[in-house]
Structures are given as C-alpha cells and as structure tokens.
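Asks: Below is the sequence, then the predicted model.
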Amino acid sequence: MSDSNLQDEAVKKSHRSFIHEIFDSNFQLPIAEITTLPRCHNNFVHFLNFSKPVTANRSLSDAPGTSAIPEGTTQAVFRIGNPAGMFNHAVKVENTVAMMQLTRQALSASNIVRRVYAWSNSVEPSGAGWILEEYMPGIEVESKFHTELTRENQHYILSQMASTLKAVQDFDLPPKASGFGGLAFDDDGEVISGPYVVEPYDGPYPDMISMYKGMLQAQLKEADRSFVKGYRDNGFRDRLNAFAEKGLDNLLTKFLPEKVRPNLIIGDVVIANFLFDPDTFRVTGLVDYDCSHTGHPLHEYFFSSFSVKYCVVLPEPEVASAIFHHYPSPLPLSEPISGPEARDDDPPQWELMQLFETALANLGAARPSSIVGAENITKVYEFMALICPFHFVMDRWVSKQSQEQLQASKEKQMALLDKALVGWGF
C-alpha cells in the first residue's frame with residue numbers, strides 16, 4: 001500500500017473513531033458498524049448501521065435546518081468534509097444544509113432530498129465540518145448508464161433529471177435569500193444569502209453584475225499569487241484591468257435582462273449524484289450539494305454536464321452550436337466513452353444530448369437555447385475562468401512543471417485571453 005493510501009486509511013480510521021465518540025457521548029445511539037466509501041472527493045462518506053432501531057423520534061440537534069431522527073431508523077450517513085477540496089470550508093457545511101432545506105421544499109413532490117439530523121462547522125475531525133444525514137435506499141447507475149442500459153431506461157433517467165431541474169428553477173427563493181452567492185442561516189434559523197462556497201469567490205452579491213465583478217476581481221487576485229504573476233508583462237495586466245473597470249459592466253448590461261431572478265443552482269447535476277431504484281430506475285435520492293449556490297439559471301449548465309456532455313463551458317465548437325442554437329441533422333455518430341463513467345474529455349453523446357434537450361424543452365425548463373444572451377454570458381464566464389485556472393495555484397501541479405512548461409502554460413493562457421479582449425475592444 002502506498003504512503004498516500006496509508007495516510008488515507010489513517011484519516012478514515014480517525015473519522016470512524018470520532019463518529020463513535022460523538023454518537024456515544026452526544027447522541028447516546030450505539031453504532032454496530034461503519035462502512036466508509038473507498039473513494040473520497042469533496043467529502044469522506046461513512047454509512048452507519050445502528051445497533052438497534054431508534055425507539056422514538058429524537059432530536060439530535062437544535063441547529064437550523066435539522067429534523068428529528070425518526071422512530072425505527074436503523075441507518076444514517078455521516079459526511080465529513082475533505083479539506084483538500086477547493087472550497088471555503090468555513091461556510092461549506094452551512095451552505096450545504098441551507099441549500100438542502102430549500103431544495104427539499106422545491107422537490108417536495110419527489111421526496112429525494114435527505115433530511116439532516118445534525119451538522120457542525122467545527123474543526124473536528126477534519127477541519128472541514130460534518131453532516132449527519134438521512135439514509136436513502138438506491139443504487140448508483142452512472143457506471144452502467146452508457147454501456148448497459150437500454151435507450152428507454154436512459155431516456156427515463158434523463159427525463160427525471162430534467163424534471164428535477166425544472167422544479168428547482170420554478171422555486172421562489174425566500175426574500176432573505178434572494179441574493180447571488182451562497183446560503184446561510186440567521187439567528188432565527190431562517191435561510192439567508194451568504195458567501196459563495198467555491199473558492200476563490202466571496203459574496204453574497206445583490207445582483208448578477210455585482211457577482212461577476214466580484215468573481216473577476218477574485219480571479220485577478222488569484223493570478224497575482226500564481227506563477228503567472230498577474231500577467232504584468234508588456235502591459236497585458238493593464239488591458240485586463242481596463243476590461244474589469246469598463247468592459248464587464250457594459251457587456252453584462254447589454255446581454256442581461258434588466259432584472260435577473262436568482263435560482264437555486266445545485267451545481268453538479270450528474271447521474272452519479274442520484275440514487276435509483278434498481279428495478280424501475282426511478283430516482284430515489286439526490287445526494288450532492290457541494291457546489292450549490294444561487295445564481296443565473298444558466299449557471300447550472302456551467303457546473304453540470306448531466307453525464308451526457310451537456311455543458312456549455314469550453315465545449316467543442318459543434319457541441320456549443322448545438323446547445324446554444326440547434327442540433328445538426330442528421331446527428332453525428334457518437335464515439336464510445338472512454339470508461340464506465342462519463343468524463344469531461346469524453347466525446348459528445350449526440351443522441352443522449354438531444355434526448356435531454358427535448359426533455360427540458362417539453363417541460364418548459366430554462367436551457368441555453370432559450371435563455372436570452374446565454375452564449376455571450378457564457379463567453380464572459382469562460383473568460384473569467386481562464387484568467388487563473390484552479391491548477392495554476394495548486395502547489396502539487398506547479399511543482400511538477402519545468403520553467404519551460406510553466407511559461408508555455410502562461411503564454412497559452414494569455415493567447416486565449418488576448419483573443420477575447422480583442423473581440424471586446426480591449
């Protein structure tokens with residue numbers, strides 16, 4: 001076993017000890033078994049089996065966004081944040097719980113959002129907080145979606161994802177949570193606007209233009225601390241600053257409607273984040289809210305691929321044309337994906353993309369081809385993302401590059417940024 005695997009197992013073991021301790025001392029619920037998912041991304045996920053069923057409805061926490069654990073419960077899920085994730089961990093757990101509360105209301109008809117029994121932003125045990133959640137039955141199907149499922153079952157799954165998205169889009173945010181950014185709780189336990197959880201952004205912002213101005217400034221600060229040194233060569237930073245001062249506001253005023261209604265944005269709508277009935281493929285759970293926030297409805301298509309390459313940020317030109325305008329006829333042939341689960345670099349899955357597009361259209365859901373100014377707004381978002389890609393500030397990635405490779409990466413990035421700036425007159 002490698003050193004990293006040994007360290008990973010030691011972390012998981014310490015988590016299990018922490019869970020046993022908190023259940024024994026705080027909840028007085030003995031645990032018979034803890035099973036930990038082998039792969040950890042943004043969270044370490046532990047499945048708990050209790051020694052015996054809960055004998056009566058019990059409130060384990062008075063924190064906002066929590067529910068009593070029901071009588072008869074025998075299982076639960078304990079999520080512990082991974083500090084390696086690129087999040088503002090001081091607010092991530094609270095944002096997640098608040099988002100789950102509102103999404104649960106938006107999706108009340110389908111009952112697929114887990115209830116939260118307890119949560120904490122505390123530094124223990126990982127420095128990134130934890131959530132105790134309801135266990136929901138179901139299987140993951142992403143690993144066989146592209147290779148084993150019939151077209152009928154694929155269509156059913158995509159239709160359910162479209163219905164989920166439509167219900168979330170239709171949900172009216174509470175007045176106190178109608179900003180742009182993240183979510184939090186006030187002293188009365190009501191959901192309010194809060195900081196954006198994905199680094200390096202902040203907030204909350206009162207409107208869409210303020211949000212993008214804040215995001216652009218955050219990206220410039222990231223570039224300053226990265227190996228590109230803020231792009232201060234040959235006056236290039238002056239052009240970026242000029243765009244930030246004059247260009248961004250003008251572009252967004254031109255492309256956006258006068259008032260943008262903020263939406264709940266789940267932030268990672270992919271098949272892997274749903275649970276399904278193994279016999280019918282009906283959705284039984286939606287389990288991931290790490291990148292959730294409130295924003296323009298187009299944002300869901302920035303963060304989510306829906307496992308069929310339906311993502312508008314930096315796609316192949318023919319994919320962008322299809323999603324923003326119309327699909328080619330006849331459809332191009334779809335190359336097989338490279339593995340059991342969809343990846344960002346997989347080839348377009350044309351038939352599935354069009355099935356999903358049709359499902360959205362039939363429901364009247366907001367989608368890139370129906371949102372006014374979507375293509376231009378996306379170009380602005382892509383431009384901001386290009387200023388400092390997240391790996392530019394990752395010590396692990398930078399340390400593996402030679403000076404020549406770093407310079408080549410910088411020049412490539414500057415060429416992409418230059419093309420956009422020239423197109424906008426800067």
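Replies: Ah, there it is.

Asks: okay, now residue 24: neighbour count?
Replies: By other CB atoms under 10 Å, 12 other residues sit near residue 24. C-beta here means a position set from N, CA and C on the backbone, and glycine is covered the same way.

Asks: Backbone dihedrals for it, please?
Replies: Main-chain dihedrals, residue 24, degrees, to the nearest 10: phi -70, psi -40.

Asks: list the contacts for it?
Replies: Residue 24 makes contact with residue 30, according to CB atoms under 8 Å, 6 or more residues apart in numbering.

Asks: what's the distance between the residue nearest to residue 237 when sequence neighbours are not counted and residue 239?
Replies: Using CB to CB, 6 or more residues apart in numbering and skipping the chain neighbours, the partner closest in space to residue 237 is residue 231 (5.0 Å). As judged by CB to CB, to the nearest Å, residue 231 and residue 239 stand 9 Å apart.

Asks: Residue 168 and residue 369: what is the separation?
Replies: Distance of residue 168 to residue 369, given as CB to CB: 19 Å.

Asks: Looking at the two, which has the bigger crowd around it?
Replies: Remark: of residue 168 and residue 369, residue 168 carries more neighbours, 21 against 16, as counted by other CB under 10 Å.

Asks: element containing that one, please.
Replies: Element membership for residue 168, per DSSP states H and E: helix 151-170.

Asks: Restrict that helix to CA atoms and write it as CSV.
Replies: Taking C-alpha atoms only, helix 151-170 is exported to CSV below (Å, rounded to 0.1, in the frame of the first residue of the first chain):
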residue,chain,number,x,y,z
ARG,A,151,-32.3,3.6,-24.6
GLU,A,152,-35.7,3.6,-22.9
ASN,A,153,-34.1,3.5,-19.5
GLN,A,154,-31.6,6.2,-20.4
HIS,A,155,-34.4,8.4,-21.6
TYR,A,156,-36.3,7.8,-18.3
ILE,A,157,-33.3,8.8,-16.3
LEU,A,158,-32.6,11.9,-18.3
SER,A,159,-36.3,12.9,-18.1
GLN,A,160,-36.2,12.7,-14.3
MET,A,161,-33.1,14.9,-14.2
ALA,A,162,-34.9,17.4,-16.4
SER,A,163,-37.9,17.4,-14.1
THR,A,164,-35.6,17.9,-11.1
LEU,A,165,-34.0,20.9,-12.8
LYS,A,166,-37.4,22.4,-13.8
ALA,A,167,-38.7,22.1,-10.3
VAL,A,168,-35.7,23.8,-8.9
GLN,A,169,-35.9,26.6,-11.5
ASP,A,170,-39.5,27.3,-10.6
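
Asks: what comes up buried for that helix?
Replies: When neighbours are counted by 16 or more other CB atoms under 10 Å, the buried residues of helix 151-170 are found to be 153-169.

Asks: And it, what does it pack against?
Replies: Contacts defined by 3 or more CB pairs under 8 Å, 6 or more residues apart in numbering; DSSP states H and E place helix 151-170 against helix 89-106, strand 263-265, strand 274-276, strand 283-286, helix 350-363.

Asks: Whatever helix or strand comes next after that helix pairs with which strands, parallel or anti?
Replies: Going down the chain from helix 151-170, the next helix or strand is strand 182-185, by DSSP H and E. Sheet partners assigned to strand 182-185 using DSSP bridges are listed as strand 191-194 (antiparallel).

Asks: those strands in the stretch 1-150 of the chain, which residues are they?
Replies: Remark: strands assigned in the stretch 1-150 of the chain by DSSP state E, counting those that start in this stretch are 31-36, 43-50, 75-81, 116-120, 130-134.

Asks: Export those strands as a markdown table, with columns for mean pLDDT and mean neighbour count.
Replies: Shown next, in a markdown table, are these (pLDDT from 0 to 100; neighbours: other CB atoms under 10 Å):
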| stretch | mean pLDDT | mean neighbour count |
| --- | --- | --- |
| strand 31-36 | 95 | 14 |
| strand 43-50 | 94 | 19 |
| strand 75-81 | 95 | 22 |
| strand 116-120 | 96 | 22 |
| strand 130-134 | 97 | 23 |
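
Asks: Among those strands, which comes closest to residue 354?
Replies: Minimum separation from residue 354 across the strands of the stretch 1-150 of the chain (CB to CB) falls at strand 43-50, 33.4 Å.

Asks: Pretty sure the residue nearest to residue 237 sits against residue 223.
Replies: Yes. With contact defined as CB atoms under 8 Å, residue 231 reaches residue 223; the gap is 6.1 Å.

Asks: overlap in contacts of those two?
Replies: Shared contacts of residue 231 and residue 223 (CB under 8 Å, 6+ apart): residue 387.

Asks: Residue 10: neighbour count?
Replies: Residue 10 is flanked by 10 other residues according to other CB under 10 Å.

Asks: Could you pull up the residues touching it?
Replies: Not one residue lies near residue 10 by CB under 8 Å, 6+ apart.

Asks: cool, residue 372 as well?
Replies: Shown in contact with residue 372 (CB under 8 Å, 6+ apart): 255, 257.
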